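**Student:** Give me a model of this one.
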Amino acid sequence: MLYQNFIYNDYKILEDNEKIYFKFDFEIENLAKFEPEIQILKKDFKWKHLKSNILKNMVFNLGMVEAISYFKAVLPQNFIIKCGKLNNEQQEWFRKLYYLGLGEFRYKNKITTLQKDFVKFECFGNFLELEEIKNNLNGIIIPVGGGKDSNVTLELLKNKFDNINCFMIGSKEVSMKCAEMAGFERSNVIEVKRIIDKNLIKLNEQGALNGHTPFSAIVAFLTYIIAFLLEKKYVVLSNESSANETNVEGENINHQYSKTIEFENDFREYSKKFLKANVEYFSFLRPISELQIAMIFSRFDKYLDVFKSCNVGSKEEPWRWCGNCPKCLFVYIILSPFLKKERLIQIFGEDLFEKKELLKTFIELCGFGDIKPFECVGTFSEVRYCISKVINESNELPFLLKYYKEHFELERIDEERLKYYNNENNLPIEFSKILKENI
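**Tutor:** This next block holds a predicted model:
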């Protein structure tokens with residue numbers, strides 16, 4: 001292999017009157033250097049512990065996740081760490097994150113290797129001595145992306161707890177509008193900008209390996225750090241039980257790996273052992289499914305014309321539903337039992353069930369294709385349930401629903417699944433009570 005060494009040279013924590021900066025220094029030996037950074041707008045928040053070793057250790061660990069985007073460009077054999085040290089348990093933890101977090105990337109790039117052989121870590125730095133910090137933790141941070149899931153979390157929790165802050169990477173207009181609709185002012189939003197080094201973009205243009213990375217793992221480490229600096233008690237995600245389903249039958253390849261209960265449990269254990277801030281990280285919606293989230297979300301009409309989760313459309317201004325991707329079709333399907341056809345068309349601009357060009361995607365979402373689309377979409381069973389319910393309640397069927405009825409068996413409509421509650425979760429009792437009241 002021509003480029004055998006990826007080097008994590010350094011990380012820095014800087015601040016000025018407006019921002020806090022986390023800067024990283026990576027290198028693929030003999031190929032390229034990278035200096036990505038993360039900027040946090042300070043606003044009027046009381047940022048504490050900025051000089052602590054606990055923060056330095058957290059940012060060092062955040063750099064291990066940020067490095068994934070650069071490491072994957074050529075998949076070097078060795079990952080050399082010069083600015084810190086990981087013990088054997090930590091190395092195994094990150095090896096698992098790299099391997100499973102890059103599962104879709106490995107599948108699409110036809111990379112076949114075992115987890116134990118995927119990356120070899122070598123550490124030449126030292127462990128930081130972490131001081132004891134006594135802090136009185138209070139309040140909640142809720143990451144907001146602009147889709148239905150985080151809106152449900154905002155709506156159900158906003159009047160139940162004091163001292164809630166929204167968190168956004170990129171601060172898109174749609175995400176900010178959703179927060180405002182939930183009653184949060186911009187001054188209450190923690191705004192973060194993530195800057196990708198241009199050298200990575202150049203490598204990608206020149207044919208370097210590219211693909212999906214575990215973005216939610218960055219959110220995990222970053223929100224945990226911010227919770228520590230603001231002395232918040234909880235980081236409350238909006239990942240649901242449906243995220244646990246694999247995309248490729250028989251293989252542990254999941255587009256949503258860093259949204260799964262497996263990653264959530266792993267991160268909770270890792271943070272308690274090695275980050276030491278006592279912040280509680282969990283997903284509020286983990287006990288329920290995409291189907292139930294859609295049911296709850298459909299009750300909040302004020303969000304329906306604003307929310308967006310199409311990744312294709314997010315690259316345009318303004319953010320829109322492209323109407324041609326798996327994500328658009330999935331959201332259309334999952335809302336279809338709970339909203340009238342006319343309302344769906346108002347949201348998406350057209351009846352997606354009439355689009356013949358979406359047939360292949362439709363079949364894959366239903367579970368009858370070779371793979372599940374690599375998008376944040378619900379389970380095959382949920383999709384088939386929604387389709388079957390709409391077919392049973394319709395007189396005239398649009399193209400995709402007619403195709404389904406002619407080629408596949410309808411699901412049994414059991415309304416009990418709308419009351420489903422998965423006990424494999426990490427919700428504190430007070431959060432669990434709120435969620436159960438809404439299903």
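**Student:** where do the strands sit along the stretch 151-300 of the chain?
**Tutor:** Using DSSP state E, counting those that start in this stretch, the strands found in the stretch 151-300 of the chain span residues 164-169, 189-195, 234-237, 280-283.
**Student:** Partner strands of the first one and their direction?
**Tutor:** To tie it back to what came earlier, the one meant is strand 164-169. Applying DSSP bridges, strand 164-169 is found paired with strand 140-143 (parallel), strand 189-195 (parallel).
**Student:** which of the strands of the stretch 151-300 of the chain sits most buried?
**Tutor:** Greatest average neighbour count among the strands of the stretch 151-300 of the chain goes to strand 234-237 (a mean of 25), per mean count of other C-beta atoms under 10 Å. All C-beta spots, glycine's among them, are computed from the backbone N, C-alpha and C.
**Student:** What strands line up against that one, and which way round?
**Tutor:** By DSSP bridges, strand 234-237 pairs with strand 140-143 (parallel), strand 280-283 (parallel).
**Student:** care to break the protein down by domain?
**Tutor:** Domains of the chain are assigned by automatic domain parsing as 5-283, 310-419.
**Student:** Which one, of the strands of the stretch 151-300 of the chain, ends up nearest to residue 72?
**Tutor:** Ranking those by proximity to residue 72 (C-beta to C-beta) places strand 189-195 first, at 16.3 Å.
**Student:** can you list contacts of the closest one?
**Tutor:** Applying C-beta atoms under 8 Å, 6 or more residues apart in numbering, the contact partners of strand 189-195 are 36-41, 43, 45, 141, 144, 165-171, 176, 179, 218, 222, 226, 230.
**Student:** Also stretch 218-227?
**Tutor:** 38, 40, 55, 58-59, 61-62, 65-66, 141, 143, 167, 169, 190, 192, 194, 232-235, 237, 258, 263, 267, 271, 275, 277, 279, 281.
**Student:** same question for stretch 415-435, mean pLDDT?
**Tutor:** Mean pLDDT, computed over stretch 415-435, is 95.
**Student:** Just the CA atoms of that stretch, as PDB, please.
**Tutor:** Taking C-alpha atoms only, stretch 415-435 is exported to PDB below (Å, rounded to 0.1, in the frame of the first residue of the first chain):
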ATOM      1  CA  GLU A 415     -53.600  -1.100  15.900                       C
ATOM      2  CA  GLU A 416     -51.800  -2.500  19.000                       C
ATOM      3  CA  ARG A 417     -48.500  -1.800  17.300                       C
ATOM      4  CA  LEU A 418     -49.200   1.900  17.700                       C
ATOM      5  CA  LYS A 419     -48.900   1.300  21.500                       C
ATOM      6  CA  TYR A 420     -45.600  -0.600  21.200                       C
ATOM      7  CA  TYR A 421     -43.000   0.300  23.800                       C
ATOM      8  CA  ASN A 422     -39.500  -1.200  23.600                       C
ATOM      9  CA  ASN A 423     -38.000  -1.700  27.000                       C
ATOM     10  CA  GLU A 424     -34.500  -1.800  25.600                       C
ATOM     11  CA  ASN A 425     -33.800   1.900  26.300                       C
ATOM     12  CA  ASN A 426     -32.000   4.200  28.600                       C
ATOM     13  CA  LEU A 427     -34.800   6.700  29.400                       C
ATOM     14  CA  PRO A 428     -34.900   8.000  33.000                       C
ATOM     15  CA  ILE A 429     -38.300   7.400  34.600                       C
ATOM     16  CA  GLU A 430     -39.600  11.000  34.200                       C
ATOM     17  CA  PHE A 431     -38.900  10.800  30.400                       C
ATOM     18  CA  SER A 432     -40.500   7.400  30.000                       C
ATOM     19  CA  LYS A 433     -43.700   8.600  31.700                       C
ATOM     20  CA  ILE A 434     -44.000  11.500  29.200                       C
ATOM     21  CA  LEU A 435     -43.500   9.200  26.200                       C
END
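**Student:** top helix in this structure by residue count?
**Tutor:** Counting by DSSP state H, the longest helix found in the chain is helix 215-230.
**Student:** what's the angle between that helix and strand 189-195?
**Tutor:** Helix 215-230 runs at 130 degrees relative to strand 189-195, counting by axes from the mean of the first three to the mean of the last three C-alpha atoms, to 10 degrees.
**Student:** where's residue 316 relative to residue 176, distance?
**Tutor:** Using C-beta to C-beta, to the nearest Å, residue 316 is found at 17 Å from residue 176.
**Student:** just residue 79 next, same as before
**Tutor:** 37 Å.
**Student:** same question, residue 413
**Tutor:** 38 Å.
**Student:** on that earlier part again, out of residue 316 and residue 176, which sits in the busier spot?
**Tutor:** Per other C-beta atoms under 10 Å, whichever of residue 316 and residue 176 has more neighbours is residue 176, with 18 against 10.
**Student:** wait, the more buried one sits on residue 185?
**Tutor:** No - using C-beta atoms under 8 Å, residue 176 is not in contact with residue 185, being 10.0 Å away.
**Student:** I'd assumed residue 33 was in contact with residue 24.
**Tutor:** No - in this structure residue 24 lies outside contact range of residue 33 using C-beta under 8 Å: 11.0 Å.
**Student:** Quickly note the distance from the residue nearest the centre of the chain to residue 397.
**Tutor:** Nearest to the mean C-alpha position of the chain, by C-alpha atoms, centre = their mean, lies residue 216 at 3.6 Å. With distances taken as C-beta to C-beta, residue 216 is found 37 Å from residue 397.
**Student:** What of residue 37?
**Tutor:** Applying C-beta to C-beta to residue 37 and residue 397 gives a distance of 52 Å.
**Student:** which one of the strands paired with strand 164-169 lies closest to residue 11?
**Tutor:** strand 189-195 (14.3 Å).
**Student:** can you put the strands paired with strand 234-237 in CSV and add distance to residue 289?
**Tutor:** Formatted as CSV, the strands paired with strand 234-237 follow (distance: least, C-beta to C-beta, whole Å):
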stretch, distance to residue 289
strand 140-143, 20
strand 280-283, 13
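**Student:** Can you tell me which of these is nearest to residue 49?
**Tutor:** In terms of C-beta to C-beta, the element of the strands paired with strand 234-237 nearest to residue 49 is strand 140-143, at 15.6 Å.
**Student:** Could you say which helix or strand holds residue 310?
**Tutor:** Residue 310 is part of no helix or strand, with elements assigned from DSSP states H and E.
**Student:** about what we covered before: looking at residue 24 and residue 33, which is more packed in?
**Tutor:** residue 24 (24 against 14).
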